[in-house]
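Visitor: I'll drop the sequence and a predicted model, then ask my questions.
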Amino acid sequence: MRKLVVRRAAKLDLAEARGWYDEQRPGLGRELVEAVSESLERVRQHPELYAQVDDQVHRALLQRFPYAIFYIAKPDTIRVIAILHHARSPGHWKRRAEGEGRLARAPRRPGGWEGKEGGLVVYPPTPGPAPRRRPVS
C-alpha cells in the first residue's frame, strides 16, 4: 500500500474547517475530521478511482461535508496538498500543486471552474467557513 503524506497546508485547512464547524455545533468539527479520515483511507486504497482535475491532481469529494481532498498519486506515495471547501477558488490547490514541482492546470471543459463574467471564477453561495480577509484601513 502507498504511503500517505498529508502536507502541512492541508492539515491547516482541516484545522481551520474543524474550528468553524465546532463553533456551529460542538462536536461537529470532530465529525468532519472523521469523515476526512475515512476518505483518506479510501484514497489510500484506491487513488485512481477519484476524479482527475488536471494532469496529476485528483479530487476526492466528502459525502457529508462540502469539502474536497486534493492529492497527487505517485507510484510509492500519495501527497495530500489541500482539503478545501467547494466554494474555495481552485487557485488554492493549483498553487500548492505548483509547489510540488509541477505546473497545475484547470480543466477546460463546459461546467469547469471559469465563469462567464470576464473570466472570473463564479460559485454559488454555500455555507461553510468564509475566506479570511484583511480589514481595509
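Guide: Yep, it's here. Numbers count the residues shown, from 1 in each chain.
Visitor: for whichever strand or helix holds Tyr21, packing partners?
Guide: Here Tyr21 sits within helix 8-24, counting by DSSP states H and E. The contact analysis (3 or more Cβ pairs under 8 Å, 6 or more residues apart in numbering; DSSP states H and E) places helix 8-24 against helix 28-45, strand 67-73, strand 77-85. No exception for glycine: its C-beta is placed from N, CA and C like everyone else's.
Visitor: got the angle for the last one vs strand 67-73?
Guide: Per axes from the mean of the first three to the mean of the last three Cα atoms, to 10 degrees, the angle that strand 77-85 makes with strand 67-73 is 160 degrees.
Visitor: Next, the buried residues of strand 77-85.
Guide: By 16 or more other Cβ atoms under 10 Å, the buried positions in strand 77-85 come out as Ile78, Arg79, Val80, Ile81, Ala82, Ile83, Leu84, His85.
Visitor: cool, and the longest one?
Guide: The neighbour-count criterion (16+ other Cβ under 10 Å) identifies Gly29, Leu32, Val36, Ser39, Leu40, Val43, Arg44 as the buried residues of helix 28-45.
Visitor: Could you find the two of those residues that are most distant from each other?
Guide: Spanning the widest gap among the buried residues of helix 28-45 are Gly29 and Arg44, at 22.6 Å by Cβ to Cβ.
Visitor: Can you say which two of the buried residues of strand 77-85 are spatially most distant?
Guide: Checking the buried residues of strand 77-85 with Cβ to Cβ, the most distant pair is Ile78 and His85, at 21.2 Å.
Visitor: can you state the direction angle for the helix or strand of the chain with the lowest mean pLDDT and helix 8-24?
Guide: Using mean pLDDT, DSSP states H and E, helix 91-99 stands out as the lowest-scoring helix or strand of the chain, at a mean of 73. Angle, helix 91-99 to helix 8-24, by the same axes, to 10 degrees: 160 degrees.
Visitor: and helix 91-99, which residues are buried?
Guide: So helix 91-99, judged by 16+ other Cβ under 10 Å, has buried residues His92, Trp93, Lys94, Arg96, Ala97.
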